[in-house]
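>>> Sequence first, then the predicted structure:
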Amino acid sequence: MTHPGARPAEDGSAVGLPADGLVIAVLTYRRPDDIALALPRLACQAGMRQAGAGRPRNGLPEERPATVLVIDNDPAASARPIVEQLAGAFPPGLVRYVHEPKPGIAAARNRALREAASSALLVFIDDDEVPSEQWLEQLVGLQRSTGAAAVVGPVISEYEHEPEPWIEAGNFFHRRRLATGTRLDVAATNNLLVDLRQVRALRLSFDERFGLSGGSDTLFTRQLVQRGGAMLWCDEAVVVDRVPSSRLTRSWVLRRALRSGNSAARVSLELAAGAAARLAARGVCLGSGSVRLAGGTARLAAGAVSGSSRHQAKGLRTAARGLGMAAGAFGYVYSEYRRK
């Protein structure tokens, strides 16, 4: 079921989404407080583009109209009331809601691709993230000036409360920063713009076998680059990730490291063409995982002897990632997002 203002068209796109426009897709699952905070800010940035649609800017082609598309992956459609309430504060059509009941983030991502089928650009952002003031303009500007198939921006974390010393020592929520224009070979969808024409030309979609385990975005972006698409970094397009207390624990960090390693191995196997290549990839994943497991364990032990919290934290996380990689080499799937 979908919002009346965004019912599916026959071709799978959504009635009301701007043809040749820009869609901001925010996927949500039972986070009403987060979507209530993020949605107005996303709508404001989309609204600014709506106001400038049809006019050239900075010597570049004319602005494209923009829409915010909320994809609710909760079978109970729990986000509908808050989204419809917030949408009422903005011009008609600026905020759209669709319900994707099939469990798994890959299914929700593919729903975004289908709903935005008639649009030119699609931007993914997580429901627990808040964009910086010039976020959308920076992403779009770099894509338009370079013709990149994808543009990726940085994610900065803010804690719900002060984390325990072990978390601080490991610096686990500090993410990379790169020079704008740096070419990438892999990215997540937590701050990602894609050129839909190139996505279609490269015949890309999200593999729903990774829906409950995570890693479909890793596979998608690696395939994009493998098939000839350019993916660039835009360091000015910042979003802020609000880290809840449930993630500020050792167990969550270690589970995420295990899943990350497991997904990385599975993606490598999926990208390998042919039996011989898969066998070689399996060996590489097993070897890399074993090295990380052994090295992480050694660093943990060294930290325990020296009293270094940093070495203990980073060693244990490295070992967990290595274990996930080694297990993935043998076909084990860790489903971090399995639903109860």
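Great, that's in hand.
>>> May I see the buried residues of the helix or strand of the chain with the lowest mean pLDDT?
Taking mean pLDDT, DSSP states H and E as the measure, helix 32-52 is the helix or strand of the chain with the lowest mean score, a mean of 86. For helix 32-52, the neighbour count (16 or more other CB atoms under 10 Å) marks 34, 35, 38, 39, 41, 42, 43, 45, 46, 47, 49, 50 as buried. Bear in mind the C-beta positions are built from the backbone N, C-alpha and C, glycine included.
>>> now, which of those sits nearest residue 325?
Proximity of these to residue 325 (CB to CB) peaks at residue 34, which lies at 30.8 Å.
>>> how about the helices in the stretch 201-340 of the chain?
Per DSSP state H, counting those that start in this stretch, the stretch 201-340 of the chain carries helices over the ranges 216-226, 250-271, 275-306, 309-329.
>>> just the stretch 51-200 of the chain next, same as before
80-87, 105-115, 135-146, 165-170, 196-201.
>>> quick one: which of those is nearest residue 282?
Here helix 105-115 is closest among the helices of the stretch 51-200 of the chain (CB to CB), at 22.9 Å.
>>> Which other helices and strands does the closest one contact?
In terms of contacts (3 or more CB pairs under 8 Å, 6 or more residues apart in numbering; DSSP states H and E), helix 105-115 is packed against strand 22-28, strand 66-72, strand 95-99, strand 121-126, helix 216-226.
>>> Contacts made by it with the rest, please.
6, 8, 12-14, 17, 23, 25, 27, 29, 69, 71, 73, 96, 98, 100, 122, 124, 189, 196, 199, 205-211, 214, 216-217, 220, 337 (CB atoms under 8 Å, 6 or more residues apart in numbering).
>>> And for stretch 212-224?
Counting by CB under 8 Å, 6+ apart, 103-106, 109, 149-150, 184-189, 192, 194, 199, 202, 204-208, 210, 231, 259-260, 262-264, 266-267, 270-271, 333-339 sit against stretch 212-224.
>>> how far does it sit from the chain's center?
9 Å (CA atoms, centre = their mean, to the nearest Å).
>>> before we move on, back to that, would you turn the helices of the stretch 201-340 of the chain into JSON lines with mean pLDDT and distance to residue 81?
Shown next, in JSON lines, are the helices of the stretch 201-340 of the chain (pLDDT from 0 to 100; distance: least, CB to CB, whole Å):
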{"stretch": "helix 216-226", "mean pLDDT": "98", "distance to residue 81": "28"}
{"stretch": "helix 250-271", "mean pLDDT": "96", "distance to residue 81": "29"}
{"stretch": "helix 275-306", "mean pLDDT": "97", "distance to residue 81": "45"}
{"stretch": "helix 309-329", "mean pLDDT": "97", "distance to residue 81": "38"}
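>>> mind giving me CSV with the ones you listed and columns for mean neighbour count and distance to residue 174?
Putting the helices of the stretch 201-340 of the chain into CSV (neighbours: other CB atoms under 10 Å; distance: least, CB to CB, whole Å) gives the following:
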stretch, mean neighbour count, distance to residue 174
helix 216-226, 22, 20
helix 250-271, 21, 13
helix 275-306, 16, 18
helix 309-329, 22, 12
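>>> Distance to residue 166 added to those helices, as CSV?
Shown next, in CSV, are those (distance: least, CB to CB, whole Å):
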stretch, distance to residue 166
helix 216-226, 27
helix 250-271, 6
helix 275-306, 11
helix 309-329, 5
